[in-house]
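>>> return a 3D structure for these sequence lines:
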Amino acid sequence: MENFTIDKIILLAVFFVPGFIYLKAYRLFFAEVRTDFSKDFYEAVGFSFLNGVVFSYPLYLINNSDFISKHTFWYFFILVYLSF
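All right, here's what the predicted structure looks like:
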């Protein structure tokens with residue numbers, strides 16, 4: 001179990017979860033042929049990467065200043081919102 005460190009779990013959450021949620025939500029609204037999950041993994045990571053690229057500037061702004069010390073609740077709210 002030494003392979004599952006907190007750093008790897010955070011990387012999985014950042015680079016897989018948003019894309020996975022996007023794929024599942026997309027398939028709820030638009031009927032599609034069932035695909036293999038092993039192929040969905042790469043697509044989910046790709047969508048998460050695009051999500052990170054699109055929202056990198058707002059993340060830079062809130063991490064660059066002392067926003068977290070002044071507005072802790074809003075900082076974490078924005079992080080969760082941008083992730084999903």
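
>>> so where's this structure shaky on pLDDT?
1-2, 32-37, 39, 83-84 (pLDDT under 70).

>>> which residues touch the top helix by length along it?
As assigned by DSSP state H, the longest helix anywhere in the chain is helix 37-54. By C-beta atoms under 8 Å, 6 or more residues apart in numbering, the residues outside helix 37-54 that reach it are 14-20, 22-23, 82-83. (C-beta placed from N, C-alpha, C; glycine too.)

>>> and the residues you listed, which two are the farthest apart?
Greatest spatial distance among these (C-beta to C-beta): L23 and L82, at 17.6 Å.

>>> on that earlier part again, list buried residues within the contacts of helix 37-54.
Buried residues within these, counting neighbours by 16 or more other C-beta atoms under 10 Å: 15, 18-20, 22-23, 82.

>>> residues touching G19, list them.
43-49, 51.

>>> which SSE is it in?
Per DSSP states H and E, G19 falls inside helix 17-29.

>>> quick one: that helix to helix 37-54, angle?
Put simply, helix 17-29 runs at 110 degrees to helix 37-54, going by axes from the mean of the first three to the mean of the last three C-alpha atoms, to 10 degrees.

>>> would you put the C-alpha positions of helix 17-29 in PDB?
Coordinates of the C-alpha atoms in helix 17-29 are reproduced here as PDB (Å, rounded to 0.1, in the frame of the first residue of the first chain):
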ATOM      1  CA  VAL A  17     -12.300  13.300 -11.100                       C
ATOM      2  CA  PRO A  18     -13.400  16.500 -13.000                       C
ATOM      3  CA  GLY A  19     -13.200  14.700 -16.300                       C
ATOM      4  CA  PHE A  20     -15.000  11.600 -15.000                       C
ATOM      5  CA  ILE A  21     -17.800  13.700 -13.700                       C
ATOM      6  CA  TYR A  22     -18.000  15.500 -17.000                       C
ATOM      7  CA  LEU A  23     -18.200  12.300 -18.900                       C
ATOM      8  CA  LYS A  24     -20.900  10.800 -16.700                       C
ATOM      9  CA  ALA A  25     -23.000  14.000 -16.800                       C
ATOM     10  CA  TYR A  26     -22.600  14.200 -20.600                       C
ATOM     11  CA  ARG A  27     -23.800  10.600 -21.000                       C
ATOM     12  CA  LEU A  28     -26.800  11.300 -18.800                       C
ATOM     13  CA  PHE A  29     -28.000  14.000 -21.200                       C
END
